[in-house]
Every structure is written in structure tokens, then in C-alpha cells.
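Visitor: sequence and predicted model, in that order:
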Amino acid sequence: MPRVKFGVSLPSFAWPDLAPAHARGLRRFAQAAEERGFDTLWASEHLQVAPLIYNVSFLSPLPVLAHVAGCTTRIRVGTAVLLLPLRNPVILAKEIATLDFLTEGRFVLGVGAGWDEKEFELCGVPLGERAGRLDECLAILRRLLTEEAVTFEGKYYRFRDVTIHPRPRRFPELWVGGGSKAADPAAADRPQLARSVLRRICREADVWISRPAVQQERILSDLGEIRAALQAEGRGPSEVGFAHLNFVHVVDTTHREKALAVQRPLFERLMGTHRPFELLQQCYFVGTPDDIMERIRRFQEAGLEYLVLTPLVADVEQLDLWVSKITSNVVSGRGSGTGSGATATGGGRARAMRGSGGRRASG
């Protein structure tokens, strides 16, 4: 099994009662993650409360990453994920170039299509255009961040003779989100991985980052489809890395019911109560440390290379519990009771990228 590199998704939740101390807390959390050996820091994006999934919106991701990058030196920072169809690609290219410069090349670009119709309405973008806009935006970003005097004539975006400075030394590593729609347990139909999403992952991504709000079996099924599609295009199935993001709150107990009693109110505060807690248990990392590790090992057996953990609260103690109860033991293959407190980063395989475009070398 491959060793897993661990990342931390920042608790950048935009609660209505946020105080200035929370901004300082984000910096302390980022520093603590770097000190404990985590590989990456991530920020998520939702303009509004996303119905059916979250009970809170998020702080804007690019300013959050600039905020925490200034107090760290090694750890990479990335978006998981940026809703590309809602962005002006020229302005976004400038923002990415600026952030890549300020972080000295530590920025990782994670992108997705989005799904919340209200967010699209607020931005004046028809939901049905999201796939086409995402693909055009990616094409524009690749050119603006690697070329001078770019002219583009697309269906959604048109401009002439645009140059962005400072240009990154290379196009950022690209993580592409997407997968089967979150399953409705009452529905008879089986959720499917959209062809446009599958094509984008296979042709554009350095890494596929799977979404947390679906059952593990569905994610592994999506992974099988992606690998089959890569082979059909003449590429090796390992040329696109496999990452997973999930929410977790570790409780130091061997009793599942005790763990769930602590975790349930935290998950329901963040996720709301419109989904039954039984469904949340199928999707998210809940239960004892051993329960969580078993879920991770199933992903690891399927070739997981990157795991991004999202805390439910901005508590540095959670990072210590992650290291002692989960990350060091996943790396070493031990049970949770024998944690050594080792650093969270594994020895994931290095891959060549495809020139300045950021994609992995083709087989």
C-alpha cells in the first residue's frame, strides 16, 4: 500500500458570531499544522450556506490562504476547492499569480464545478453552463500563467493581448474535484459520475480529490471508473493521484457510542440536521480512532496518496490527536493504541509533471 501524505483543511467557517480572535486562531492553527509535519493546508469555498450539505458558509479561500501563508514557511497551501465557473478567469489568474509569488511557489490549485443553484444565481451564471465555463476557465488560466500577450475567443470568455505578472515558474499543481452526486437514500436511481467530470479529471488533473458527502463505496466506484478511463486514453491508472477530503473529530476512546455522543452535536452544528445522523456516519469519519483508521485503510488499499482532514472546531488539540491516534499509525500500519507520535507526512511517490502545464507526465 502507498504511504499517505496528510493535509489539513482550515476551519475557516464563516459563523455569524466570528470575533477577531478567530483570525489569529487560524494563523495559530496553520503554524501548529506545519510544526506537526502536515504536508498541506487547504481552504474551501461556499459563498452562502449550501443547503443539504452545510449549515454554514466559508471565509473566502484565497485571502485565507494569504493570511496563513504569511506565518508559515514550508507547508503548501491550496484551495479545496475553488468554484471556477463563478470566477472571472483573468482576475483569478492575477490572484493566483500573486498568491504563488507571496508563498514562494507553495500554492496548489484545487478546482471544482460547484452545485448550489443559489450561488450561481447570485453570480449571474446559469447552473447549466458550469461545466463549459470551468473547462474554458482552466484553459485560460493555463495560458495566462504560462504565456504572454494571450488572446482568447471562447463561448463564455473573450479577451485580447493580456499578460499577467508576476508569472509563476510553473503552472500550479492542479487538483480536480468532482464525483458522483451525493446519494439520496430514498431515491431508487444510482448516482453516476458525469462524463464531463470524468473527462476533466483524466485530461487535466494531477490529482483527483474525492468529495466527502458520499459513501465510501461510491467513491471507490468512481475511482474505478477514473482508472478505466485513463487506460482507455492510453495513460497509466496511477498518472492521476488519488486524494480524499473528509471531516473528523477524534475522541480518545475505544467505545464507539461515547465517541458518537461527542461527535454528533459537532457534526450537526456544521452540517445541519436535514440529513439523518446515520447517513452522516456512512460518509464522514466518525466513531473511535480505530473506526476512522479502518475507513482510511480501505482507501489506502485502493491507492490513496493524499488525505485532507477537516476539523469541526479550531482546536489545536485535535491536530495532536490526529497525529497520535491516526496519521502516525496509518503510516506505520499499527493500531491506534500504539501511536508513536510520528509526523503526519508519508513518503508518497513523486511524479513528473507535464512541462509548465502542471499535469503528470504521460505514459
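Guide: Looks like it came in fine.

Visitor: for the rest of this, base every contact and every neighbour count on C-alpha atoms.
Guide: Fine.

Visitor: quick one, what contacts the residue nearest to residue 100 when sequence neighbours are not counted?
Guide: Closest residue to residue 100 apart from its sequence neighbours, by CA to CA, 6 or more residues apart in numbering: residue 107 at 5.3 Å. Shown in contact with residue 107 (CA atoms under 8 Å, 6 or more residues apart in numbering): 76-78, 99-100, 172-173.

Visitor: what of residue 112?
Guide: Counted by CA under 8 Å, 6+ apart, residue 112 has contacts 81-84, 134, 176-178.

Visitor: repeat that for residue 90.
Guide: 140-141, 144.

Visitor: nearest to residue 279, out of the contacts of residue 107: which one, please.
Guide: Closest approach between those and residue 279, by CA to CA: residue 78, at 28.6 Å.

Visitor: tell me the bridge partners for the closest one.
Guide: residue 42, residue 108 (DSSP bridges).

Visitor: most neighbours out of the contacts of residue 107, which is it?
Guide: residue 77 (30 neighbours; other CA atoms under 10 Å).

Visitor: OK, contacts around it?
Guide: Residue 77 touches 40-42, 65, 69, 106-108, counting by CA under 8 Å, 6+ apart.

Visitor: closest one of the residues you listed to residue 9?
Guide: Among the contacts of residue 77, and counting by CA to CA, the member closest to residue 9 is residue 42, at 4.4 Å.

Visitor: distance of the closest one relative to residue 267?
Guide: Distance, residue 42 to residue 267, by CA to CA, to the nearest Å: 19 Å.

Visitor: who has more neighbours, these two?
Guide: Using other CA under 10 Å as the criterion, residue 42 and residue 267 rank with residue 42 on top: 29 against 24.

Visitor: three-state assignment of residue 94?
Guide: helix (DSSP: H, G, I helix; E, B strand; the rest coil).

Visitor: thinking again about what came up before, which of the contacts of residue 107 fall within helices?
Guide: Under the assignment DSSP state H, the contacts of residue 107 contribute 99-100 to helices.

Visitor: for residue 207, give its distance to residue 253.
Guide: 34 Å.

Visitor: of the two, who's got more company?
Guide: Neighbour count, other CA under 10 Å: between residue 207 and residue 253, residue 207 has more, with 25 against 14.

Visitor: quick check: pLDDT value at that one.
Guide: What the model reports as pLDDT for residue 207 is 98.

Visitor: next up, the contacts around it.
Guide: Residue 207 touches 174-176, 201, 240-243, counting by CA under 8 Å, 6+ apart.

Visitor: can you pull the phi/psi pair for the residue nearest to it when sequence neighbours are not counted?
Guide: In this structure, residue 207 finds its nearest non-sequential neighbour in residue 241, 4.2 Å apart by CA to CA, 6+ apart. Main-chain dihedrals, residue 241, degrees, to the nearest 10: phi -70, psi 160.

Visitor: then residue 150?
Guide: Torsion angles, degrees, to the nearest 10, at residue 150: phi -80, psi 130.

Visitor: quick check: it touching residue 139?
Guide: No: between residue 150 and residue 139 there is no contact under CA atoms under 8 Å: 11.4 Å.

Visitor: would you state the strands of the stretch 251-363 of the chain in chain order?
Guide: Shown for the stretch 251-363 of the chain, the strands assigned by DSSP state E, counting those that start in this stretch span residues 306-311, 353-354, 359-360.
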